[in-house]
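# Got a sequence here, can you model it:
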Amino acid sequence: MSSPSSRTIWEIAWPIMLSLLAQNIVNVTDTAFLGRVGEIELGASAIGGLLFTTLFMVGFGFTTGVQILIARRNGEKNYLAIGRIFDNSFYFLILLSIAITVLIYSIGPTLLKPFIASDAVFQASSVFLKYRILGLSFASAGLLFRSFYTGIAFTKYLSISSALMAGVNVLLDYILIFGHWGFPRLGIQGAGIASSISEGCALIFFIVITRRNKHLTHYVLFEWVKPDLKIIKNTLSISVFVMMQFVISLGSWFVFFMLIEKMGERSLAVSNIIRSVYLMLMIPGWALCSVTSTLVSNALGEGKTEKVIPIIRKIMNFSIVSMTITVAIAALVPRFAISIFTNDVTLIEATIPSYYIILVALFLFAMMSILFNGLLGTANTKIALGIEAITLFFYLWFTWLIAVKLQMKIEYVWTAEFIYSSLIGILSYWYLKKGNWRSKVV
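Sure thing, here's the model as predicted:
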């Protein structure tokens, strides 16, 4: 393959962007609806949701490795191998999800209890998690389909499935949380049920559309051959380090907010708003990260190692343009953007300095994360884990220094994002220039 055109990058990226946007809409909808039920339910859903997200990241890490392998085999035009990777990954994910679901039903409340002081919040969190965890198998299988379509650079179905999921979730939240249209008022229980059902609907869409698309038959999916432990082991050899990477990243994010919590309620409130803004505005950047790992792995599958750096450079340029537009628009409407999450005028004003800090950090992160995902695309996930661990160590040390030791203002704490982006970008660039990734066999 030659260096991808901007049109090619956009055609792969925009369905992923819409998919991520729809997933964010699901989170915003749950928050908005439960915020009108009560503060206990709102806080409980956040805590229960954090534990669910941690468990979800195990599957996300595994399917990231699957995506890398599928992209490599697609580049090699070894389509039969893609079907075998898919089917065996499906076996593994379903068994893993069922095991986690059973575990949570057995000891979920025990895991939550140490982190929750309020008995009312604890009870509500346990209820939410009980019903939310039922969707883990659906969510994990959905991740596998997303990895397949991203790996073969055919992403248009991702936006449709996510829009379906978001639409079903909004409708069921409205019906089940508040008890409309003759349904009982279930409150936080209804939110958990709605999210699980919406993920099930998205999975059904993926299965139906994949089986009906004749252009995908050469990938030989759904053959349900006897499980091949060798394929599963090979997939895990790539995925396990990504799984660990996501776990420590999420854990570091949790520690970051625990350090900010020591600064007081206002600083924590500001940071929660900034986190929401960050997640929304980074959607174009994350989509381009997925494109990067896919195109790099495809190029290596074709044996064209000389194309890797030009591909990364091309996508980085594309990322610069897209994030410049995103950041420029966001910079013009700070109060409007922040008011989406709060109507407290004093809190809005307190958030603005951190808002501008994060806009600059987003621009830097969008570029540097392309380098890191280019490294991931080479399948050197063990090296990527090491780079992530080193980066997070300095990131948390800097956060502790500013927030706890020096007790500076919250906007200075958020400059830790510059540390994270710079280090992960510099280390990834160094490995891509000097490392022995060209001979990596997967």
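# Val225 and Phe90 touch, don't they?
No: with contact defined as C-beta atoms under 8 Å, Val225 does not count as touching Phe90 (11.1 Å). In this view, the C-beta of every residue, glycine as well, is placed from N, C-alpha and C.
# So the residue of the chain positioned farthest from its centre: helix, strand or coil?
Distance from the C-alpha centroid of the chain, by C-alpha atoms, centre = their mean, peaks at Gly182 (35.7 Å). Classification of Gly182 using DSSP: H, G, I helix; E, B strand; the rest coil returns coil.
# sorry, back to before: Val225 and Phe90: which has the busier surroundings?
Neighbours were counted for Val225 and for Phe90 using other C-beta atoms under 10 Å; Phe90 has more, 20 against 12.
# Just list the residues touching that one, thanks.
141, 144 (C-beta atoms under 8 Å, 6 or more residues apart in numbering).
# Could I get the phi/psi values of it?
phi -60, psi -50 (degrees, to the nearest 10).
# do the one 4 residues further on as well
Dihedral angles phi and psi of Ile94 (degrees, to the nearest 10) take the values phi -70, psi -50.
# which residue packs closest to it, ignoring adjacent ones?
The shortest distance from Ile94 to any non-neighbouring residue, by C-beta to C-beta, 6 or more residues apart in numbering, is to Ser137 (6.0 Å).
# I'd say the one you found and Ile98 touch.
Yes: Ser137 lies in contact with Ile98 (C-beta under 8 Å); the separation is 6.3 Å.
# These two: which has the busier surroundings?
Shown here are Ser137 and Ile98; by other C-beta under 10 Å, Ser137 has more neighbours (22 against 13).
# Report the separation between the more buried one and Ile312.
Distance, Ser137 to Ile312, using C-beta to C-beta, to the nearest Å: 35 Å.
# which phi and psi does Ile197 have?
Main-chain torsions, Ile197, degrees, to the nearest 10: phi -70, psi -40.
# wouldn't it be in contact with Val168 here?
Yes: counting by C-beta under 8 Å, Val168 is a contact partner of Ile197 at 6.6 Å.
# tally of neighbours for Ser196?
20.
# Please read the previous query as pertaining to Pro353.
Residues contacting Pro353 under the criterion other C-beta under 10 Å number 16.
# Then the one 10 residues further on?
Other residues near Phe363 come to 20 when the count uses other C-beta under 10 Å.
# Repeat that for the one 3 residues further on.
The local packing of Ala366 (other C-beta under 10 Å) involves 25 other residues.
# For it, give me its contacts.
282, 284-285, 288, 319-320, 322-323.
# Return the subset of those lying in helices.
Counting by DSSP state H, these place 284-285, 288, 319-320, 322-323 in helices.
# care to break this structure down by domain?
For the chain, automatic domain parsing gives the domain ranges 7-227, 244-442.
# For the shortest one, the averaged confidence score.
Which is domain 244-442. Domain 244-442 comes out with an average pLDDT of 83.
# Off-centre distance for it?
12 Å (C-alpha atoms, centre = their mean, to the nearest Å).
# Following element in sequence after the helix or strand harbouring Ile98, please.
Using DSSP states H and E, Ile98 sits in helix 79-112. Later in the chain than helix 79-112, the nearest helix or strand by DSSP H and E is helix 119-132.
# export that following helix as CSV, just CAs?
This file holds the C-alpha atoms of helix 119-132, laid out as CSV (Å, rounded to 0.1, in the frame of the first residue of the first chain):
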residue,chain,number,x,y,z
ASP,A,119,-24.8,2.8,52.9
ALA,A,120,-27.5,4.2,50.6
VAL,A,121,-24.9,4.8,47.8
PHE,A,122,-23.5,1.3,48.4
GLN,A,123,-26.9,-0.3,48.0
ALA,A,124,-27.7,1.6,44.9
SER,A,125,-24.3,0.9,43.4
SER,A,126,-24.8,-2.8,44.0
VAL,A,127,-28.2,-2.8,42.3
PHE,A,128,-26.8,-0.9,39.3
LEU,A,129,-23.8,-3.2,38.9
LYS,A,130,-26.0,-6.3,39.2
TYR,A,131,-28.0,-5.4,36.1
ARG,A,132,-25.2,-3.6,34.3
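# buried stuff in it?
121-132 (16 or more other C-beta atoms under 10 Å).
# avg pLDDT for the longest helix seen in the chain?
Counting residues, the longest helix found in the chain (DSSP H) is helix 39-76. Helix 39-76 comes out with an average pLDDT of 76.
# between it and helix 79-112, how many degrees?
Helix 39-76 and helix 79-112 are oriented at 160 degrees to each other (axes from the mean of the first three to the mean of the last three C-alpha atoms, to 10 degrees).
# quick thing: my sequence starts at 24, can you match it?
From this message on, residue numbering opens at 24, which makes the last subject helix 62-99.
# burial measure for the residue nearest to Gly106 when sequence neighbours are not counted, as a count.
In space, and not counting its chain neighbours, Gly106 is closest to Val243: 3.4 Å by C-beta to C-beta, 6+ apart. Look at Val243: counted by other C-beta under 10 Å, it has 16 neighbours.
# Give me the phi and psi angles of Val243.
The phi/psi pair for Val243 (degrees, to the nearest 10) is phi 50, psi 60.
# likewise Asn101?
phi -100, psi 70.
# Around Leu159, count how many other residues there are.
Neighbour count for Leu159, taken as other C-beta under 10 Å: 23.
# Apart from its neighbours in sequence, what residue is nearest it?
Nearest to Leu159 is Ser120, by C-beta to C-beta, 6+ apart, at 4.8 Å.
# Can you give me the pLDDT of the one you found?
91.
# Could you pull up the residues touching it?
82, 159-160, 162-164.
# Adding secondary structure, write these out as a markdown table.
Putting the contacts of Ser120 into a markdown table (three-state DSSP) gives the following:
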| residue | secondary structure |
| --- | --- |
| Gly82 | helix |
| Leu159 | helix |
| Ser160 | helix |
| Ala162 | helix |
| Ser163 | helix |
| Ala164 | helix |
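# Include distance to Met286 when you put those residues into CSV, please.
Output for the contacts of Ser120, formatted as CSV (distance: C-beta to C-beta, whole Å):
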residue, distance to Met286
Gly82, 34
Leu159, 34
Ser160, 39
Ala162, 34
Ser163, 37
Ala164, 41
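# related to what we said a few turns ago, of all pairs in the contacts of Ala389, which one is the farthest apart?
Farthest-apart pair in these is Met305 and Ile343; separation 14.4 Å (C-beta to C-beta).
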